[in-house]
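In: pasting the sequence and the predicted coordinates here, then a few questions.
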Amino acid sequence: MKIAFFVHDFHLEIGHSNAMIEVLNNFPKESIEEIVVVAYSTSPLPDLLPNFKGKTRFIRIPCTWLKPFLLRNLNYQVLSFIYTFLFLNKNYHKIGIGTAALHVDTTYVQFIHHQWKEEYLKSQRYSLLRYVYKWVLYNYFCLCENFQYSRKKIKFVSIANFLTKFIQEQWKVEAERVETIYSGINLERFKLPSGNREELFEKLLKKYPVLSVIDPSRPIFLFVGAYERKGLQEALTFLEKEKGTQIIVVGEPENKNHFFFPNTLTVAKISYTSEIPSFYALADCFIFPSKYEPFGLVIIEAVAMGMTVLVNRKNVGASEILDELDDIFFLDELSAPPLDKIRVLSAESKANIRETRLDRLSQYEWANASKSFYPFLEKLVFNEK
């Protein structure tokens with residue numbers, strides 16, 4: 001099988017790329033003739049796809065400097081279409097992320113703008129000019145989705161059932177053209193480190209002095225992600241009801257807007273870290289009240305690290321696989337957050353909680369996601385022939 005993968009940028013640091021990298025790396029090596037990545041930029045492909053060294057190729061789309069995003073996206077759609085006919089023959093099965101490219105055979109659906117309509121312009125404060133631009137951008141994405149998802153021969157892989165159901169209902173897509181394959185978890189990376197809580201705190205404090213406001217002898221909350229869409233304001237509203245609550249916030253506002261933190265909370269803000277497993281290991285409760293989260297890798301990562309987890313159920317993909325696990329609370333089904341149940345978790349407690357969850361989580365390792373994804377593609381390619 002020859003695969004052409006269409007994405008703006010192909011790097012481990014980018015969420016949608018990271019998911020696809022994990023899936024591709026677990027495809028059966030002997031069945032793949034070549035993987036072509038069509039992108040503005042990429043990390044070295046032998047590093048990203050080590051299982052396919054000698055079988056990868058990069059087609060660079062020019063004008064990486066283009067701004068704003070609307071112009072950059074239009075440029076990619078036009079040039080990726082032209083480059084397909086210049087540099088790829090018809091034997092390649094074309095996979096695209098969402099509406100990045102509108103001429104693909106299979107769309108990997110990780111976000112649906114039609115579903116985000118109610119919150120899109122409400123989640124942030126904009127100047128008039130910025131508001132107009134965001135309105136145009138949103139409607140442009142919706143037009144792309146209407147064009148792409150209404151095509152009669154296109155197939156879909158979605159990362160959650162609520163996405164699959166919406167695709168089927170909104171665009172009248174037959175069940176055989178869409179497959180739900182949940183995003184995965186790397187259980188080897190997201191496992192508890194050796195040592196106790198105090199040692200871990202001291203180690204992180206040396207690298208992140210902002211943690212000096214945190215008292216490791218008391219429960220620690222953790223939030224990870226872009227502030228607005230991921231629900232940080234809702235998290236703070238929940239937590240400020242309990243005086244003395246402390247939270248570590250990893251991430252930034254989506255548009256660098258000023259963000260108000262209540263002075264009743266103790267907050268340590270960290271813009272970025274490559275050591276996120278260590279923060280899962282340090283904190284006790286992961287809070288993530290996102291109103292729209294197609295999957296939410298950070299949720300399942302926190303679950304794997306033995307944390308107490310507070311998330312929404314509605315329109316959150318990862319929540320679909322968390323039923324009946326202990327210490328998982330769905331905020332949108334509760335009259336109030338269960339703050340009285342949040343406690344300091346020792347390394348031993350987290351290890352025990354993690355152990356009770358492993359049977360469930362092992363079903364969603366990346367290798368299993370690939371085992372579902374590849375046969376779906378194989379069937380499509382066979383039918384094309």
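Out: Sure, I can see it. Numbers count the residues shown, from 1 in each chain.

In: from now on I want contacts and neighbour counts done on CA atoms only, so please keep to that.
Out: Fine.

In: and Glu234, what does it touch?
Out: Contacts of Glu234 were listed using Cα atoms under 8 Å, 6 or more residues apart in numbering, and they are Pro289.

In: part of a helix, is it?
Out: Yes. Under DSSP: H, G, I helix; E, B strand; the rest coil, Glu234 falls within a helix.

In: how does the chain divide into domains?
Out: According to automatic domain parsing, the chain comprises the domains 2-184+366-384, 197-363.

In: so for Lys191, which of those domains sits nearest?
Out: Among these, the nearest to Lys191 by Cα to Cα is domain 197-363 (5.8 Å).

In: against which helices or strands is the helix or strand in which Leu74 is found packed?
Out: Here Leu74 sits within helix 69-87, counting by DSSP states H and E. Packing partners of helix 69-87 (3 or more Cα pairs under 8 Å, 6 or more residues apart in numbering; DSSP states H and E): none among the helices and strands.

In: SS state for Pro62?
Out: On the three-state scheme (three-state DSSP), Pro62 is labelled coil.

In: my guess is it meets Ser41, correct?
Out: No. Counting by Cα atoms under 8 Å, Pro62 sits too far from Ser41 to count as a contact (9.1 Å).

In: among the two, which residue is more densely surrounded?
Out: The neighbour comparison of Pro62 against Ser41 (other Cα atoms under 10 Å) goes to Ser41, with 18 against 14.

In: quick one, what contacts that one?
Out: Ser41 neighbours (Cα under 8 Å, 6+ apart): 8-10, 60-61, 64.

In: give me the neighbour count for Ala336.
Out: Using other Cα under 10 Å, Ala336 has 9 other residues around it.

In: kindly report the same for Asn51.
Out: Neighbourhood size, Asn51 [other Cα under 10 Å]: 16.

In: tell me the pLDDT of it.
Out: Listed pLDDT for Asn51 reads 92.

In: nearest spatial neighbour of Ala268, skipping sequence neighbours?
Out: Ile248 (4.8 Å; Cα to Cα, 6 or more residues apart in numbering).

In: name whatever forms a beta bridge with that neighbour.
Out: Note on Ile248: beta-bridge partners by DSSP bridges are Leu222, Ala268.

In: now whatever helix or strand Leu205 lives in, how far from the centre of its chain.
Out: Per DSSP H and E: Leu205 is located in helix 197-207. Chain-centre distance of helix 197-207: 27 Å, with Cα atoms, centre = their mean, to the nearest Å.

In: for Leu48, see how far away Ala160 is.
Out: Look at Ala160 and Leu48: by Cα to Cα, to the nearest Å, they are 25 Å apart.

In: more neighbours, the two?
Out: Neighbours were counted for Ala160 and for Leu48 using other Cα under 10 Å; Ala160 has more, 25 against 19.

In: show me where pLDDT drops low in the stretch 201-350 of the chain?
Out: 255-258 (pLDDT under 70).

In: what about the strands in it?
Out: Taking DSSP state E, counting those that start in this stretch as the criterion, the stretch 201-350 of the chain contains strands spanning 221-224, 246-250, 266-270, 285-288, 308-311, 328-330.

In: need the winner for burial among those strands.
Out: Most buried of the strands of the stretch 201-350 of the chain by mean neighbour count (mean count of other Cα atoms under 10 Å) is strand 285-288; its value is a mean of 27.

In: partners of that strand, with directions?
Out: Within its sheet, strand 285-288 is paired with strand 221-224 (parallel), strand 308-311 (parallel), according to DSSP bridges.

In: filter the contacts of Ser41 to the buried ones?
Out: Among the contacts of Ser41, those classed as buried by 16 or more other Cα atoms under 10 Å are 8-10, 60-61.

In: tell me how far Glu33 lies from Phe87.
Out: According to Cα to Cα, Glu33 and Phe87 sit 16 Å apart.

In: can you put the contacts of Ser41 in CSV and add pLDDT and distance to Lys341?
Out: Converted to CSV, those look like this (pLDDT from 0 to 100; distance: Cα to Cα, whole Å):
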residue, pLDDT, distance to Lys341
His8, 95, 43
Asp9, 94, 42
Phe10, 93, 41
Arg60, 97, 51
Ile61, 97, 51
Thr64, 87, 49
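
In: check Glu384 and give its pLDDT.
Out: Confidence score, pLDDT, at Glu384: 63.

In: kindly report the same for Leu121.
Out: Model confidence at Leu121, given as pLDDT, is 67.

In: next: Pro193.
Out: Turning to Pro193, the model gives it a pLDDT of 93.

In: my read: it touches Ala281, true?
Out: Yes. Contact criterion Cα under 8 Å: Pro193 and Ala281 qualify, at 7.4 Å.

In: where do the helices of the chain begin and end?
Out: Ranges of helices within the chain are 15-25, 45-48, 69-87, 117-120, 128-149, 161-170, 197-207, 232-239, 276-282, 297-304, 347-361, 366-384, based on DSSP state H.

In: so which of the ones you listed is nearest Thr266?
Out: Evaluated over the helices of the chain, closeness to Thr266 peaks at helix 232-239, with 10.3 Å, by Cα to Cα.

In: now that closest one: buried residues?
Out: Within helix 232-239, the residues that count as buried by 16+ other Cα under 10 Å are 232-236, 238-239.

In: got those residues as TSV, with distance to Phe330 columns?
Out: Converted to TSV, the buried residues of helix 232-239 look like this (distance: Cα to Cα, whole Å):
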residue	distance to Phe330
Leu232	16
Gln233	17
Glu234	13
Ala235	13
Leu236	16
Phe238	13
Leu239	15
